[in-house]
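> model the structure of this input:
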Amino acid sequence: MEDINVLSYNTHCVPFVTTEKHVENIVAYVGRLVDKYNVNIIALSEIFQPWVRKSVLQKLSGVIPGSWKASPEINTPNSALSVSSGLLILWKSDTVQRDGSMHTVAYNNCCQMDCFSQKGALHVPLRVGGKILNVVHTHMQAWEIPVVCNGVRAGQFRQISNALRKLPSENTLIVGDFNTEPDKTFADSNNLVVVPHAGNVPPKTYPNDGSAAHYYDHAYTTNNQARIQVASIGGDFGPSDHRAVIITL
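Here you go, the predicted structure:
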């Protein structure tokens, strides 16, 4: 069976700042990555606003070949001042099919600006040929200011752990923007491993300005054959403040 290639990318489509031009640039870049890395599954974050989601889906249909399906908007706004989780998973339905019910998590706690988005996690069970892949996509608390925001992200990890106990465990992959370095305690307690990379130094994904110091966009899995790499097109790391990653299973 051919490899399964998953693209995980924080698009930096921030409410009240994002322009149509930025969306166009994101879509064009995603299209190039899909082609270069033969991507079967796409996990995008910070698709917060309905108009951004609509624009991304419309424009992607013109730049990525084949038939694709998309997860619905989850954790929708609870007031005029808030936005959704911003999570969006797409899969190439020519080769990938949904295999069961999707599940969602809405995080109980947040801090400061993050409380204006309904962050959480999304599980989509997929089948590629005869191979099951349970994809979990998340975007966690962005800042943990001492005293004010202590423990928020730890609580979000606990919520994902609780959700995992109720989900199918076969071939699980957890991707997204964790806003923290890989958490070995979380991995070990859920029979997961941090997806390894080819080099000796973990890839840096944030910020995308040549001084990248953090490995926020990583992945956890039950598949010991999985590998991760930072995605680029000829040294171009794209228009977001994060770099995209490709996970191959």
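> how much space between residue 227 and residue 245?
Here the criterion is C-beta to C-beta, to the nearest Å. By it, residue 227 lies 11 Å from residue 245. Yep, even glycine has a C-beta here, placed from its N, CA and C like the rest.
> averaged pLDDT, the top helix by length along the chain. What do you get?
Longest helix in the chain, counting residues (DSSP state H): helix 20-37. In this model, helix 20-37 has a mean pLDDT of 98.
> neighbour count: residue 227 and residue 245, which is higher?
Taking neighbours as other C-beta atoms under 10 Å, residue 227 and residue 245 compare with residue 245 leading, 25 against 16.
> show me what contacts the more buried one?
Taking C-beta atoms under 8 Å, 6 or more residues apart in numbering, we find residue 245 in contact with 7-9, 175, 203, 205, 217-219, 228-231.
> this structure: strands as residue ranges?
Applying DSSP state E to the chain gives strands spanning 5-10, 41-45, 68-70, 88-92, 96-98, 103-106, 120-128, 131-139, 172-177, 193-194, 219-221, 227-230, 245-248.
> verify the stated contact: residue 131 with residue 171.
Yes. The pair residue 131 / residue 171 is scored as a contact, 6.9 Å apart, by C-beta atoms under 8 Å.
> settle it for me: which of those two has more neighbours?
Between residue 131 and residue 171, counted using other C-beta under 10 Å, residue 171 has the larger neighbour count: 19 against 15.
> and the gap between the more buried one and residue 32?
Residue 171 sits at a distance of 28 Å from residue 32 (criterion: C-beta to C-beta).
> any idea of the pLDDT on the residue located most distally from the centre of the chain?
Largest separation from the mean C-alpha position in the chain: residue 147, at 28.0 Å (C-alpha atoms, centre = their mean). At residue 147, the model reports a pLDDT of 77.
> and for residue 1?
With respect to pLDDT, residue 1 scores 54.
> do residue 215 as well
Residue 215 carries a pLDDT score of 96 in this model.
> number of nearby residues for the residue lying closest to it once chain neighbours are set aside?
Nearest residue to residue 215, sequence neighbours excluded (C-beta to C-beta, 6 or more residues apart in numbering): residue 202, at 4.6 Å. The number of residues packed near residue 202 is 15, by other C-beta under 10 Å.
> identify the bridge partners of residue 227.
As for beta bridges, residue 227 partners with residue 248 under DSSP bridges.
> find the centremost residue of this protein, please.
Most central in the chain under C-alpha atoms, centre = their mean is residue 176, positioned 3.0 Å from the mean C-alpha point.
> that one: what's it in contact with?
With C-beta under 8 Å, 6+ apart, residue 176 has these contacts: 8, 10, 43, 45, 87, 121, 137, 138, 139, 140, 217.
> what sits against the residue nearest to the first one when sequence neighbours are not counted?
Yep, that's residue 8 we're talking about. Once flanking residues are discounted, residue 8 sits nearest to residue 175: 4.1 Å by C-beta to C-beta, 6+ apart. Residues near residue 175 by C-beta under 8 Å, 6+ apart: 6, 8, 43, 135, 136, 137, 138, 219, 245, 247.
> show the buried residues in these.
6, 8, 43, 135, 136, 137, 138, 219, 245, 247 (16 or more other C-beta atoms under 10 Å).
> make CSV out of those and add distance to residue 104 and pLDDT.
Formatted as CSV, those follow (distance: C-beta to C-beta, whole Å; pLDDT from 0 to 100):
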residue, distance to residue 104, pLDDT
6, 19, 98
8, 18, 98
43, 14, 98
135, 13, 98
136, 10, 98
137, 10, 98
138, 11, 98
219, 19, 98
245, 23, 98
247, 21, 97
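> which pair of these spans the longest distance?
136 and 245 (15.2 Å; C-beta to C-beta).
> flag the shaky bits of this protein, pLDDT-wise.
1, 200 (pLDDT under 70).
> run the last query once more with 80
1-2, 81, 147, 198-202 (pLDDT under 80).
> wait, what's in contact with the closest residue to residue 55 other than its chain neighbours?
Closest residue to residue 55 apart from its sequence neighbours, by C-beta to C-beta, 6+ apart: residue 23 at 4.9 Å. Contact analysis of residue 23 by C-beta under 8 Å, 6+ apart lists 13, 52, 55, 56, 59.
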